[in-house]
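K.L.:
Quick check, what structure comes out for this input:
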Amino acid sequence: MYLFYGDETNLEHHAGDFLIYGGLVAESGQAHALSLAIDALRREHGVPRDYRMKFNPGPEGFSHQQFISLKQAALEAAVEHGARMIAYVILHDIATNSDEARRNGINTVCYHFNCILNCVGGPGLVLIDRFNDQGNQIDAHLRDKFSVGLTGMPYTAEMRLENIIGFHYSAIGQSHMPSLVDIALGSLRFAINTHTRNQEANRESANNLLGLLGPLFWREGDAHAVPEIGFLFSPKVIWADRYRTQYESLKAFLHNGGIPTSQQITKK
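P.N.:
Below you'll find the predicted structure:
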C-alpha cells in the first residue's frame, strides 16, 4: 500500500506568484519507519511533545539555526526512507481563482499518483489536508474523485483512478506525514517566491532548500530529470509571451537549483 499526503501553499493571490499543490508519496512500511525516525529526531532535538511541526513557526525557544537544522534533518529522513515528492504549479495571474486552481491541482496530483502506482505496482490511499473552499465543494469533489475519477480530459471523457482505494482528509498533528508535507511544500514555496519576487537577500537560503528538495522529487528509475508526473507546470500550453517567460524563468531557476524538469514550456 502506498500513501499520498497532499496540501497546497501560496493559495493567496499575489501577482507573479505560483500556487503550488503537491505532497509526498510513501510506501506504508517505509512510512512507518519514517514516522519512527521523526519521533527520534524530535527527541534528539528536544522538540516539545505538543509542538506541531511545520515549515513555520518553530518550537518555542528554538534559535533560527536550531529550527533550520531540525527541518533539514526531517527532509533528509524523508529522502532516506523513500518518500517522494510530486508537485503542480500554476501562475496566479492565469488561474481563474484560487479555489478552482486548488481543485485542479488535486485532480492533477491524484492522476499522477495513480500513474506512479502503475509504475510501482500496488494500491494507494490519498489523504489531503482539510480545508473549506467556497461553497464547501471539496467534499463532493473528493467523492467524485472516488466514484467517477477524472472527467473532461482531452483524450477521454472519464478516467477512473482505479489504483486509489480512497480519498480522505488529514491534518498536522494526526501524523508526522502532514508535517513533512508542510515543510517540503513550505521550502518549495520559499524558494520559488524568492525567485519570482526577486528577493536577493534570500537567494542563498532558497538554493540550499532546492538542494534538499532535489533528491526528494519523484523520478523514473535513474532518470536525472523530474518527469511531468513528478512536477507539472500548468497550463501545459501558455499563449501569452509575458506569462510564458515567467514559466521559463522558473523552470531555469529550478534546474539551476538541482531540480531539472522534463516538461517543456510551450505556446502551442
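
K.L.:
What residues sit buried inside the longest helix along the chain?
P.N.:
With secondary structure taken from DSSP state H, the chain has its longest helix at helix 98-120. By neighbour count, and taking 16 or more other C-beta atoms under 10 Å as the criterion, the buried residues in helix 98-120 are 98-99, 101-117. The way it works is simple: take the backbone N, C-alpha and C, and place the C-beta from them, glycine included.

K.L.:
so what secondary structure elements neighbour that helix?
P.N.:
The contact analysis (3 or more C-beta pairs under 8 Å, 6 or more residues apart in numbering; DSSP states H and E) places helix 98-120 against strand 2-9, strand 18-27, strand 84-91, strand 124-129, helix 138-147, strand 150-151, strand 164-170, strand 231-234.

K.L.:
Now the phi/psi pair for residue 48, please.
P.N.:
Reported as degrees, to the nearest 10, the phi and psi values for residue 48 are phi -60, psi 140.

K.L.:
Tell me who's in contact with it.
P.N.:
Each residue near residue 48 by C-beta atoms under 8 Å, 6 or more residues apart in numbering is listed here: 59, 60.

K.L.:
if I look at the nearest residue in space to residue 258 that is not next to it in sequence, how far off is residue 85?
P.N.:
Beyond its immediate neighbours in the sequence, the residue positioned closest to residue 258 (C-beta to C-beta, 6 or more residues apart in numbering) is residue 214, lying 3.6 Å away. Taken as C-beta to C-beta, to the nearest Å, the spacing of residue 214 relative to residue 85 amounts to 10 Å.

K.L.:
So those two - more neighbours on which side?
P.N.:
residue 85 (27 against 17; other C-beta atoms under 10 Å).

K.L.:
Endpoint to endpoint, stretch 149-168 covers what distance?
P.N.:
Using C-alpha to C-alpha, to the nearest Å, the end-to-end distance of stretch 149-168 comes to 14 Å.

K.L.:
If you could redo that for stretch 73-92, that was the one I meant.
P.N.:
32 Å.
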